[in-house]
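>>> let's see this in three dimensions:
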Amino acid sequence: MSKRNSQTAKSAARERLRAERERQARRDKVKRQLIVAGSLVGVLAIAGGIGYAVVQGNKPDHWEAAADAKLVKPANTSGENGTTVVIGKPDAKKTLELYEDPRCPVCASFEQTVGKTIEKDVEDGKYKVRFVGASFLDRNLTGEGSKNALSALGAALNVSPEAFVAYKSALYSAEYHPEETDDKFKDDSYLIEVANTVDALKGNKRFQTDVKDGTYDRWALEMSETFDKSEAQGTPTLMMDGQKLTGSDGKNAPMTVAEFSTAVDKALKA
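Next up, the predicted model:
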């Protein structure tokens, strides 16, 4: 090979090497730009996610929002916030006050044992019953079943006092009342399932809509506050003329028909 040809070959080789280096440099630049852009997107996404989480975390939960919602009072109620719920004949002279929390297992036992006796006494005009609902078990155990069940009871009361009584009995029944720690009443579908065992509520679209929409959620909170401000220290609590009705132990609510009848008869004569 001549010297000239050798130099030409070397020049061509150097040119190819320079061109390859330039192409590699361009590829590296594009790669760096993509990495930076991807990192920026990631940072923005993380920042956006954190911002969204902060906003969501600061939003009031459902029941906090319900406290500020418009108060809708069920039909068949009275009092400033519709929290006076009295069932019975208007001419009955005495009123039995009954304080219950929907999640309360002792309330369930009381209703399963004594509930029918109370219903018969009210039907006979022996006394009226004022119902006061509580939701302290939602605070103690965490959850929302007590409040949600109270709201559904408000929807039943809006249908009729009879529907309210029958629905309350169904919620406390052995078949449908959950364990104390099982927040089953938080599910609207379950509350509607129980309601479908009550003739006046079975397939009742208005009732079902009120349960799903939480029409009486604010009312349930007002009812709970009524309990919190009362003299009742727990559930079930029974009172008549400001006096607590108790069983044979002199402390707790009467849990048998015999104890209940004895306590009520004594209160009626007072």
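>>> name the residues of stretch 157-164 that are buried.
157-159, 161-164 (16 or more other Cβ atoms under 10 Å). From N, CA and C alone the C-beta is placed, and that goes for glycine too.
>>> filter those residues down to just the ones in helices.
Residues of these located in helices (DSSP state H): 157-159, 161-164.
>>> how many other residues sit next to residue 208?
19 (other Cβ atoms under 10 Å).
>>> excluding chain neighbours, what is closest to it?
Excluding its sequence neighbours, the residue lying closest to residue 208 (Cβ to Cβ, 6 or more residues apart in numbering) is residue 192, at 5.5 Å.
>>> isn't the one you found right up against residue 209?
No: using Cβ atoms under 8 Å, residue 192 is not in contact with residue 209, being 10.2 Å away.
>>> as CSV, the buried residues of stretch 157-164 with pLDDT and distance to residue 264 would be great.
Below are the buried residues of stretch 157-164 laid out as CSV (pLDDT from 0 to 100; distance: Cβ to Cβ, whole Å):
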residue, pLDDT, distance to residue 264
157, 98, 24
158, 98, 29
159, 98, 28
161, 98, 20
162, 98, 22
163, 98, 25
164, 98, 21
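>>> out of the residues you listed, what pair is the most spread apart?
The distance between the two most remote of the buried residues of stretch 157-164 (Cβ to Cβ) is 12.3 Å, for 158 and 162.
>>> residue 107 touches residue 237, doesn't it?
No: at 9.7 Å, residue 107 does not count as touching residue 237 under the criterion of Cβ under 8 Å.
>>> neighbour count winner among the two?
residue 107 (26 against 22).
>>> how would you label residue 122: helix, strand or coil?
Following DSSP: H, G, I helix; E, B strand; the rest coil, residue 122 is assigned to helix.
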